[in-house]
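# what shape does this take:
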Amino acid sequence: MNHPTNSSRNSGGVFKRSCSFVAVSAALAIASQAANAACTYNIDNQWGSGFVASITVKNDTAAAVSNWSVNWQYASNRMTNGWNANFTGSNPYTATNLGWNGSIAPGQSISFGFQGNTNSGTVERPVVNGTLCGAAPATSSSRSSVAVTSSSRSSAAPSSTPATSSSRSSAPATSSSASSFSVPANNFAQNGGVESGLTNWGTTAGTVTRSTADKHSGSASALITGRTAAWNGLTFNVGTLTNGNQYEVNVWVKLAPGTPDSVLTLTGKRVDDSDTSTYNEYTRVATVTASANEWRLLEGYYTQSGSTAFQNFIIEATDTTVSYYADDFAIGGQVTQVPSSSSRSSSSAASTKKFIGNITTSGAVRSDFANYWNQITGENEGKWGSVEGTRDVYNWAPVDRIYAYARQHGIPVKAHTFVWGAQSPSWINNLSATETAAEIEEWIRDYCTRYPDTAMIDVVNEAVAGHQPAGYAQKAFGNNWIQRVFQLARQYCPNSILILNDYNNIRWQHNEFIALAKPLAQGGYIDAVGLQSHELKGMTGAAVKTAIDNIWNQLGVPIYISEYDIGDTNDQVQLQNFQAHFPVFWDHPHVKGITIWGYVNGRTWIEGSGLMTDSGTPRPAMTWLLNNYIKK
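Numbering: from 1, shown residues only. Presented below is the predicted three-dimensional model:
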């Protein structure tokens, strides 16, 4: 953690840029009123007798809202705790704004979340009431609806244009303007803007090139030419999608100069199944009449289903020979990723042997470090604000020294931390949501490229409401920003153990942390959790064990004691606390390692938490560690 000061732990929330939401496990977000969509109740996750839900409040009026209040009531469900709002009542419930999220500009949204129990009933989706909940959506007429494929297709041609079910089909989507469009809040498309060559772009037939002649945004778009059949189209790869989950998908398209208006379609395709007589692998997502004079939006929803995995999305034209551009492909929704522990175990000493680690001292690695510790974390050197204080200017030298020392002595490195609401570069707060998302990805990509042997990463730090969540990341990715950050870390650091780290979740905000972490653990986004342990002084060993047991029982992922110290100048008080807590950490089967937060007197974040003098004379707690654990 660290932390020039610990005087402030205010939430860093910002407004959500998009009100789009795709629920987990095919649970669809529903509008609180049939004709209005300003207040939306979402089922984010559910299991057994519990659930996590969120409510999105969108300002669809023409004036800014200075404060908001909503209420709802269950038949049998009950709320247990919540975040990002003030909650009152015990069914019905009322949620009002906090200080930082009380103002909602026209067209913008805020969201808050909560956990609850079903009380032996089903998960309910109640009506949400409030002043804003009666506002009519400003752009509902421009949104396209979903068309679905029929069960069979008579043509043997490999066209991906399916017939639509009459019960769910609708008029094709028309042109959508930039003012009425929002990128999905948790967009996980990689290179949708064609800024990194043609990565993830391809073609079923015809020729695809990266063109700078025209673009919707950025510097380039994908152009397909040489088409000879309707099924010749541009493809875009988004990776694996989860069966049963619904995804919001959109891409901007434009015809080549001089081309008469023509219909373009967006189709989702699964890998071919064994039945060659049907084309059930294809699902129409959206249709639009494209123009050579302006960019228009293909926008719709796709639900992954069937016996084969998802393959890609295809952008096609009913005219067999027209050429066209595509740009800014985006997709939002939940992807369940199950990390392969075997693929990461060989790269991390922490995965096979419990370690006792420590941090750097005043920005340097002391020459005696390896005499005591077998894992290293940079106290401040690896934080984004330290590495990239000036945009696009990296200072890797202090981090390089950590990795050089670790490699020399054969000990694992934990990166601390990728995304945090504190000690991030100040310039990140001045960017647009799109720019912020690109910079977050660039930071994670560049770190992982430089240090591919990173054993563990505190990917997201202190995200519990009231701590220091990364408001800039929420601005970039919406309310699913934590999932998106972990997806990026998984993509660029596939061999690292990815950790959700938070402040004193053993003693404080224990239930709040579990509520935040549970859907992340169940969705396979996180590999482990980090339990900061700065203020356990006076807590009994039995109480510490009970808390750790509960975290394991609720989350089922490995645990790291990430920041342990006891700040007291009284040697005996420090020793007694180490003797109470350390055996619990060491003996717990699900604690994989312990990182002590500093060891030299006068050079630690918590006053009085040093374990030895600068010259190496140990305090009693250090002597006890040496005799009982470090030299075992």
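
# residue contacts, Arg270?
Arg270 makes contact with 281-282, 304, 306, 308-311, according to CB atoms under 8 Å, 6 or more residues apart in numbering. C-beta: built from backbone N, CA, C; applies to glycine.

# run the last query once more with 10 Å
The contact partners of Arg270, taken as CB atoms under 10 Å, 6 or more residues apart in numbering, are 241, 243, 280-283, 304-312.

# quick check: closest non-adjacent residue to it.
Glu281 (4.3 Å; CB to CB, 6 or more residues apart in numbering).

# how many residues are close by the one you found?
21 (other CB atoms under 10 Å).

# correct me if wrong: it contacts Thr308.
Yes - using CB atoms under 10 Å, Glu281 is in contact with Thr308, at 6.7 Å.

# quick one: common contacting residues for the two?
Common neighbours of Glu281 and Thr308, using CB under 10 Å, 6+ apart, are 269-273.

# Arg78: which of the residues you listed is nearest?
If you rank those by distance to Arg78 using CB to CB, Arg270 comes first, at 39.7 Å.

# on that earlier part again, just the shared contacts of Glu281 and Thr308: which has the poorest pLDDT?
Minimum pLDDT for the shared contacts of Glu281 and Thr308 is recorded at Asp273 (75).

# for that residue, what are its contacts?
279-281, 306-308.

# at 8 Å instead, please
Residues near Asp273 by CB under 8 Å, 6+ apart: 280-281, 306-308.

# now it, what's its secondary structure?
coil (DSSP: H, G, I helix; E, B strand; the rest coil).

# for it, phi and psi?
The phi and psi values for Asp273, taken as degrees, to the nearest 10, are phi -90, psi -170.

# quick one: low-confidence parts of this protein?
The model of the chain has pLDDT under 70 over residues 1-37, 45, 47-48, 99-100, 134-181, 185, 335-352, 631-632.

# tell me how it divides into domains.
Per automatic domain parsing, the domain ranges recorded for the chain read 24-138, 141-332, 354-630.

# how far off centre is the second one?
Centroid separation between domain 141-332 and its chain, computed with CA atoms, centre = their mean, to the nearest Å, is 25 Å.

# for stretch 411-424, same thing?
16 Å.

# repeat for stretch 553-567
For stretch 553-567, the distance to the chain centre is 21 Å (CA atoms, centre = their mean).

# buried subset of the contacts of Arg270?
Burial by neighbour count, 16 or more other CB atoms under 10 Å: within the contacts of Arg270 this picks out 241, 243, 280-283, 304, 310-312.

# got TSV for these, with secondary structure too?
Formatted as TSV, the buried ones among the contacts of Arg270 follow (three-state DSSP):
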residue	secondary structure
Leu241	coil
Asn243	coil
Asn280	coil
Glu281	coil
Tyr282	strand
Thr283	strand
Gln304	coil
Phe310	strand
Gln311	strand
Asn312	strand
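
# in contact with Asn119, which residues?
Asn119 neighbours (CB under 8 Å, 6+ apart): 49, 76-78.

# looking at the shared contacts of Glu281 and Thr308, which is nearest Asp44?
Lowest distance from Asp44 to the shared contacts of Glu281 and Thr308 (CB to CB) belongs to Arg270, with 25.7 Å.

# quick check: bridge partners of the closest one?
As for beta bridges, Arg270 partners with Phe310 under DSSP bridges.

# in the chain, which spans are helices?
341-345, 369-372, 384-387, 397-409, 433-450, 471-477, 481-492, 510-522, 541-555, 571-587, 620-625 (DSSP state H).

# against Gln375, how distant is Phe355?
Between Phe355 and Gln375 the distance is 4 Å, computed by CB to CB, to the nearest Å.

# revised request: answer the last question for Glu439.
On the measure of CB to CB, Glu439 and Gln375 end up 29 Å apart.

# so which of these two has more stuff around it?
Gln375 (26 against 20).

# give the contact list for the more buried one.
349-350, 355-358, 411-414, 455, 593, 595.

# which non-adjacent residue is nearest it?
Closest to Gln375 by CB to CB, 6+ apart is Gly357, at 2.9 Å.

# cool, Ser426 as well?
Gly385 (7.4 Å).

# with Pro184 instead?
Gly332 (2.3 Å).

# now Asn186
With CB to CB, 6+ apart, the residue lying closest to Asn186 is Asn480, at 3.5 Å.

# ok, now which ones touch Phe114?
Applying CB under 8 Å, 6+ apart, we find Phe114 in contact with 52-54, 79-83, 87.

# neighbour-wise, give me the winner out of the residues you listed.
Going by other CB under 10 Å, Ala53 tops these with 26 neighbours.

# tell me what that residue is bridged to.
Counting by DSSP bridges, Ala53 is bridged to Ile43, Phe114.

# who's in contact with it?
41-44, 113-116.

# just flag the most distant two among those.
Farthest pair in the contacts of Ala53 (CB to CB) is Tyr41 and Gln115. Separation: 14.2 Å.

# more neighbours: which of the two?
In terms of neighbours (other CB under 10 Å), Gln115 is the more surrounded of Tyr41 and Gln115; the figures are 22 against 19.

# which residue, other than its chain neighbours, is closest to the more buried one?
Closest to Gln115 by CB to CB, 6+ apart is Ala515, at 4.2 Å.

# from Ala521, how far off is that neighbour?
In this view, Ala515 and Ala521 are 11 Å apart by CB to CB.

# before we move on, what about Ser274?
Ser274 sits 35 Å away from Ala521, going by CB to CB.

# for Ala476, same thing?
23 Å.

# higher neighbour count, those two?
Ala476 (30 against 18).

# quick one: the more buried one and Glu442 touch, right?
No - counting by CB atoms under 8 Å, Glu442 is not a contact partner of Ala476; they are 11.8 Å apart.

# neighbouring contacts of stretch 422-431?
2-3, 12, 380, 383-386, 388-391, 436, 439, 462, 468, 470-472.

# write a ChimeraX command that selects only the buried members of the residues you listed.
Buried subset of those, written as a ChimeraX selection, criterion 16+ other CB under 10 Å:
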select :2,3,12,380,383,384,386,388,436,439,462,468,470,471,472
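
# OK, contacts around Ile411?
349, 355, 357, 370, 373-376.

# make a markdown table out of these and add distance to Trp68.
Output for those, formatted as a markdown table (distance: CB to CB, whole Å):
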| residue | distance to Trp68 |
| --- | --- |
| Ala349 | 50 |
| Phe355 | 47 |
| Gly357 | 45 |
| Ala370 | 55 |
| Trp373 | 50 |
| Asn374 | 51 |
| Gln375 | 46 |
| Ile376 | 46 |
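
# report the buried members of those residues.
The buried subset of those (16+ other CB under 10 Å) comprises 349, 355, 357, 370, 373-376.

# just the buried positions in stretch 578-595, please.
578, 580-582, 584-586, 588, 591-595.

# next, the distance between the ends of it.
Stretch 578-595 has its terminal residues 13 Å apart, counting by CA to CA, to the nearest Å.

# gap between Asn119 and Ile43?
Distance of Asn119 to Ile43, given as CB to CB: 16 Å.

# please disregard the earlier target; I meant Asn187.
Per CB to CB, Asn187 is found 21 Å from Ile43.

# so which of the two has more stuff around it?
Applying other CB under 10 Å to Asn187 and Ile43 shows that Asn187 carries more neighbours, namely 27 against 20.

# report the beta-bridge partner residues of the closest residue to that one other than its chain neighbours.
Nearest in space to Asn187, with sequence neighbours left out and distances taken as CB to CB, 6+ apart, is Ala330 at 4.5 Å. On the basis of DSSP bridges, Ala330 is bridged to Asn250.

# quick one: contacts for Ala330?
Counting by CB under 8 Å, 6+ apart, Ala330 has contacts 183-184, 187, 189, 192, 249-251.

# quick one: Glu535 and Ile506 touch, right?
No - the criterion here is CB under 8 Å, and Glu535 misses it with Ile506 at 9.2 Å.

# so for those two, which sits in the more crowded spot?
Ile506 (25 against 17).

# roughly how far apart are the nearest residue to the more buried one once chain neighbours are set aside and Val591?
Leaving out its chain neighbours, the residue that sits closest to Ile506 by CB to CB, 6+ apart is Ala547, at 4.5 Å. For Ala547, the distance to Val591 (CB to CB) stands at 12 Å.
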